[in-house]
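Chemist: What follows is a protein structure lacking sequence information:
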């Protein structure tokens, strides 16, 4: 969904142009996203026009109204409704035409291009973090940083997750992305570890470099899929040597081409074994994070028809619809999952990072059942933005993620190539609403974003939440 920028000048405010503009644009189906009265500094006025001039002088030390509008083909559409930049040429039916504006009485402006709209929005309406002043946290183990954070504020922190690229060019691009996202002051950032240790060198090298280069604590993933114990030692010892003190202990997914997970001879059987091994061999040097699955682990999400009975109310809450077939983690299997998660905590796990999810009620239920089971460590929700319909379907299919019926209904209408912008807009708003509910319920002390090595969607969600900081 396209956005554009409209500016009403001081004389326009006095002449009621703001209300007339809103009425005209809303009548044509455009949506007002932001409106703010802004006192104009000399610097902003000159930046608006690109130079010091009579027009910039006329704005300085006065108030203007800045607006952001959205809608299909919004830049051209809004510009057409407002009228030609030269008021003399403004056609009848346009706002400038109706107001009979003259060059000396040009009371309203609109961006002429997407690039100009982006520049003007950033100039006049820079993001403001609604969380206010946030605490300065001593960098170190995540378990310690979480404790400091929650003692200092009830506002949520943010953290980001990336995967290691495979080419030097992509690595350099990721570093640029991290540099940009680092300005949001994430509490930590994750780097994933490929199945079977396929990206172990890349992950370790990226983790070492990034913690030093960007000054953000790294939470390095370590899996025991299809790899011997020595490969885990390589990761743990390398991390320790580099001053990395945060590890996500995972079983991991089967390597590409292998349908089911199998134990490697001389390796670990599960993430619990890895947690125990780390505590036995490295004491409390590492803060150990473990995975949690609000809908149950994908391996335990099985066809409903195989149960041979009606679903319980809690099972109905978790049921996953995939291409017309229903799957669910049964209550009995979910109990096994919770017991296993409790074992990971008791063996030394310091925090839980969840699998992606899109159903708020599923997360609330998972959180409550964890607490009832005696799982007391922090639970951090994994937040996955929506980028494109195809990728979304592949990811949620692979993870067997529940899509709430009302979400699925809307997404089904947005699957075509001609709906890409509408799909993105829907995804931003859905995930932002999900985050707002989670934060409002006071269930968590932070939000963990799966960024897919780009900042745009995560930033858009953070902006809707009011968490995007000026850069």
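Modeler: Thanks, I have it. It should be emphasised that the depicted structure is a prediction, and the values quoted were computed from it without experimental measurement.
Chemist: which residues does residue 465 contact?
Modeler: Listed by Cβ atoms under 8 Å, 6 or more residues apart in numbering, the contact set of residue 465 reads 130, 432, 435, 436, 439. C-beta: built from backbone N, CA, C; applies to glycine.
Chemist: Narrow these to just the buried residues.
Modeler: Neighbour counting by 16 or more other Cβ atoms under 10 Å classes 432, 435, 439 among the contacts of residue 465 as buried.
Chemist: Look at the last one and report its pLDDT.
Modeler: Put plainly, it is residue 439. Among the per-residue scores, residue 439 shows a pLDDT of 96.
Chemist: buried sites along the helix or strand harbouring it?
Modeler: With elements taken from DSSP states H and E, the one containing residue 439 is helix 420-440. By neighbour count with 16+ other Cβ under 10 Å, helix 420-440 contains the buried residues 421, 423-428, 430-432, 434-435, 438-439.
Chemist: Which neighbouring elements make contact with the helix or strand that it is followed by?
Modeler: Of the helices and strands lying after helix 420-440 in sequence (DSSP H and E), the nearest is strand 446-450. Taking 3 or more Cβ pairs under 8 Å, 6 or more residues apart in numbering; DSSP states H and E as contact, the helices and strands that strand 446-450 lies on are strand 157-162, strand 379-383, helix 420-440.
Chemist: Tell me what angle strand 446-450 forms with helix 420-440.
Modeler: Using axes from the mean of the first three to the mean of the last three Cα atoms, to 10 degrees, the direction of strand 446-450 lies 150 degrees away from that of helix 420-440.
Chemist: Give me the average confidence score over strand 446-450.
Modeler: Across strand 446-450, pLDDT averages out at 98.
Chemist: List of residues touching it?
Modeler: With contact meaning Cβ under 8 Å, 6+ apart, strand 446-450 is reached by 146, 149, 156-161, 187, 190, 353, 356, 378, 380-385, 435, 438-439, 458, 461.
Chemist: That strand: partners in the sheet, and parallel or antiparallel?
Modeler: strand 157-162 (parallel), strand 379-383 (parallel) (DSSP bridges).
Chemist: Out of these, flag the one nearest residue 206.
Modeler: The closest of these to residue 206 is strand 157-162. By Cβ to Cβ, the value is 8.0 Å.
Chemist: and the helix or strand that comes right after that closest one, what other elements does it pack with?
Modeler: Reading on from strand 157-162 to the C-terminus, the next helix or strand found by DSSP H and E is helix 168-181. Using 3+ Cβ pairs under 8 Å, 6+ apart as the contact criterion, the neighbours of helix 168-181 among helices and strands are strand 157-162, helix 200-214.
Chemist: Outline the domain layout of this protein.
Modeler: Per automatic domain parsing, the domain ranges recorded for the chain read 2-124, 142-465.
Chemist: end to end, how far does the first one reach?
Modeler: From its first residue to its last, domain 2-124 covers 18 Å (Cα to Cα, to the nearest Å).
Chemist: Go over the secondary structure and confirm residue 222 is in a strand.
Modeler: Yes. Assessed with DSSP: H, G, I helix; E, B strand; the rest coil, residue 222 lies in a strand.
Chemist: Leaving out sequence neighbours, find the closest residue to it.
Modeler: For residue 222, the nearest residue in space outside its immediate sequence neighbours is residue 235; the separation is 4.9 Å by Cβ to Cβ, 6 or more residues apart in numbering.
Chemist: How many neighbouring residues does residue 284 have?
Modeler: Other residues near residue 284 come to 13 when the count uses other Cβ atoms under 10 Å.
Chemist: same question, residue 414
Modeler: 18.
Chemist: What's the separation between it and residue 41?
Modeler: When Cβ to Cβ, to the nearest Å is applied, the distance between residue 414 and residue 41 equals 41 Å.
Chemist: cool, residue 448 as well?
Modeler: Distance, residue 448 to residue 41, using Cβ to Cβ: 38 Å.
Chemist: For these two, indicate the residue with more neighbours.
Modeler: For residue 448 against residue 41, the residue with the higher neighbour count under other Cβ under 10 Å is residue 448, and the figures read 27 against 12.
Chemist: Show me the beta-bridge partners of that one.
Modeler: Assessed by DSSP bridges, residue 448 has beta-bridge partners residue 159, residue 382.
Chemist: shaky segments in the protein?
Modeler: Across the chain, the ranges flagged by pLDDT under 70 are 84-92, 100-105, 194-200, 225-226, 252-267.
Chemist: give me that answer again for 50
Modeler: Segments of the chain classed as low confidence (criterion: pLDDT under 50) are 196-197, 261.
Chemist: ranges for the helices of the stretch 201-350 of the chain?
Modeler: Along the stretch 201-350 of the chain, the stretches classed as helices by DSSP state H, counting those that start in this stretch are 229-241, 271-282, 313-318, 331-347.
Chemist: Just name the most buried of those.
Modeler: Among the helices of the stretch 201-350 of the chain, helix 271-282 has the highest mean neighbour count (mean count of other Cβ atoms under 10 Å), at a mean of 19.
Chemist: Run through who's touching that one.
Modeler: Around helix 271-282, the neighbours that count as contacts under Cβ under 8 Å, 6+ apart are 222, 224, 229, 232, 236, 240, 247, 249-251, 268, 286, 288, 290-291, 340, 343-344, 347-349.
Chemist: mind checking how far it is from the chain centre?
Modeler: A distance of 30 Å separates the centroid of the chain from that of helix 271-282, by Cα atoms, centre = their mean, to the nearest Å.
Chemist: neighbours around the residue nearest to residue 140 when sequence neighbours are not counted, how many?
Modeler: Leaving aside its sequence neighbours, residue 140 sits nearest to residue 245 (Cβ to Cβ, 6+ apart; 6.5 Å). The criterion is other Cβ under 10 Å. On that basis, residue 245 has 23 neighbouring residues.
Chemist: check contacts around residue 245.
Modeler: By Cβ under 8 Å, 6+ apart, the contact set of residue 245 is 140, 141, 217, 239, 285, 286, 287.
Chemist: Residue 360 is in contact with residue 434, isn't it?
Modeler: Yes. Distance between residue 360 and residue 434: 5.7 Å, which falls inside the contact criterion (Cβ atoms under 8 Å).
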